[in-house]
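**Student:** Below is the sequence, then the predicted model.
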Amino acid sequence: MREKNGYELGFVHFLLDRVPYITAFFVSFVLVFIVSFFALRFNHHDLGWNNIVYMLILATVILGLSLLFDYIRQKEFYHQINRVMTDDQAGLEAVVHLRTGTTHEQRALQKILHEQHKTFMDKLYGYRQQQEQHHHFTNQWVHQMKTPVSVIDLLVQQGEQISSVVEARNLFRSIREENERLMRGLDMILQMARLEKFELDVHIESVGLIPIIRHVINLHKKEFIRWSIYPKIIGQETCVETDRKWIAFVFNQLVSNAIKYSKTKPGNKQLLFLVDRVGETCRVRVKDEGIGIAPQDLPRVFDAFFTGENGRLTSESSGIGLFLVKQVCDRLGHRIEMDSQPDKGTTVTLTFSSDSLYRIPK
């Protein structure tokens, strides 16, 4: 609902805009009274047709003068309106740059136009930003997908010269890894498309967090084994109000990032999921032992397409995953925070609170 701004039209404004006509009426009345008074006084109670015509002329002249005054008062405003209506090149700006109206109705309508124009421009700016972001994302995604496609093509060429079962097994393992990268890229662009129509693709319900975390861990179990990363869930089962698919996407992205920036470190690593609840608030901390994030990069990790120093260490960085995670959490009403120390690891904290839960507009 639009807030009241202290400017409301009413009967008083209606009367103020018609002061010339009201004035004309009373002046005409006074003049008619004077003419009638003298006519009756000198003609012995007989007005006569000449006096009646004279009074009619006086009233008409006064009315004409009031109309002329009102037209002169509004003439410039009419001319501006006509120029806008006849100018094929006039845009939205021409309407809001009209000179201030004369009557209260005109000023009120101008105020409405200004407010609507501002709202429209704000939305247009948002749509343009969204379109630019989408365009940038598509270009980035295509660039990212070129790498696994090129690698698979190269592996296929190498496959023609395979002479042993071991080489064939290694080849197929490499192809599977690149295929998984393609699948993750396709899933990313699908989630981006879903996010644009978020309100049509959200279903809030009571969701158990630990089963979802276990499901996400199972999706990445081969990568965990390959890179000697040991996931562990600490905490008791707890339910929160959220969307099952979207929160699974969030955890999946966090796990993918943890693997991406932990696999380069030698030795065994842990990936902890710490679940705890205090009253109506539930908190999940995803803690890895990866390479960490530089302090100067930490404030920008949720910005679109930002990769920072870690982006120069791995070609898989796109700057999209954490941006989408932040967008999803904001729209669901969940708080997400990140803390990190270089060479020690990163902790991402998700906070679920009922008072900030996403509500579908009725």
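**Tutor:** Okay, I see it.
**Student:** Look up how far Asp243 lies from Phe198.
**Tutor:** Distance of Phe198 to Asp243, computed by Cβ to Cβ, to the nearest Å: 9 Å. Bear in mind the C-beta positions are built from the backbone N, C-alpha and C, glycine included.
**Student:** So between those two, which is more surrounded?
**Tutor:** It is Asp243, of Phe198 and Asp243, that has more neighbours when counted by other Cβ atoms under 10 Å, with 20 against 15.
**Student:** Report the beta-bridge partner residues of that one.
**Tutor:** Beta-bridge pairing for Asp243 (DSSP bridges): Ile204.
**Student:** what's the pLDDT at it?
**Tutor:** Predicted confidence (pLDDT) for Asp243: 93.
**Student:** Report all helices and strands that the helix or strand containing Met188 contacts.
**Tutor:** Remark: Met188 resides in helix 165-196, with elements defined by DSSP states H and E. Identification of packing neighbours for helix 165-196 by 3 or more Cβ pairs under 8 Å, 6 or more residues apart in numbering; DSSP states H and E yields helix 104-159, helix 321-332.
**Student:** and the angle from that helix to helix 321-332?
**Tutor:** Per axes from the mean of the first three to the mean of the last three Cα atoms, to 10 degrees, the angle that helix 165-196 makes with helix 321-332 is 40 degrees.
**Student:** Give me the mean pLDDT for helix 165-196.
**Tutor:** The predicted model gives helix 165-196 an average pLDDT of 82.
**Student:** what does stretch 307-315 give?
**Tutor:** 73.
**Student:** After the host helix or strand of Trp246, which helix or strand is next?
**Tutor:** Trp246 belongs to helix 244-260 when assigned by DSSP H and E. Sequence-wise, the next helix or strand downstream of helix 244-260 (DSSP H and E) is strand 269-278.
**Student:** phi, psi of Thr347?
**Tutor:** With angles defined as degrees, to the nearest 10, Thr347 shows backbone torsions of phi -120, psi 120.
**Student:** picking up where we left off before, which of the helices and strands packed on helix 165-196 has the lowest mean pLDDT?
**Tutor:** Looking at the helices and strands packed on helix 165-196, the bottom one is helix 104-159 with a mean of 82.
**Student:** Quick one: distance of it to the chain centre.
**Tutor:** In terms of Cα atoms, centre = their mean, to the nearest Å, the centre of helix 104-159 is set 11 Å apart from its chain centre.
**Student:** now swap in stretch 157-177 and tell me
**Tutor:** With Cα atoms, centre = their mean, you get 47 Å for stretch 157-177.
**Student:** Stretch 338-347 now?
**Tutor:** The chain centroid and the centroid of stretch 338-347 are separated by 30 Å, computed with Cα atoms, centre = their mean.
**Student:** Give the buried residues for it.
**Tutor:** Applying a neighbour-count criterion of 16 or more other Cβ atoms under 10 Å, the buried positions in stretch 338-347 are Met338, Ser340, Gly345, Thr346, Thr347.
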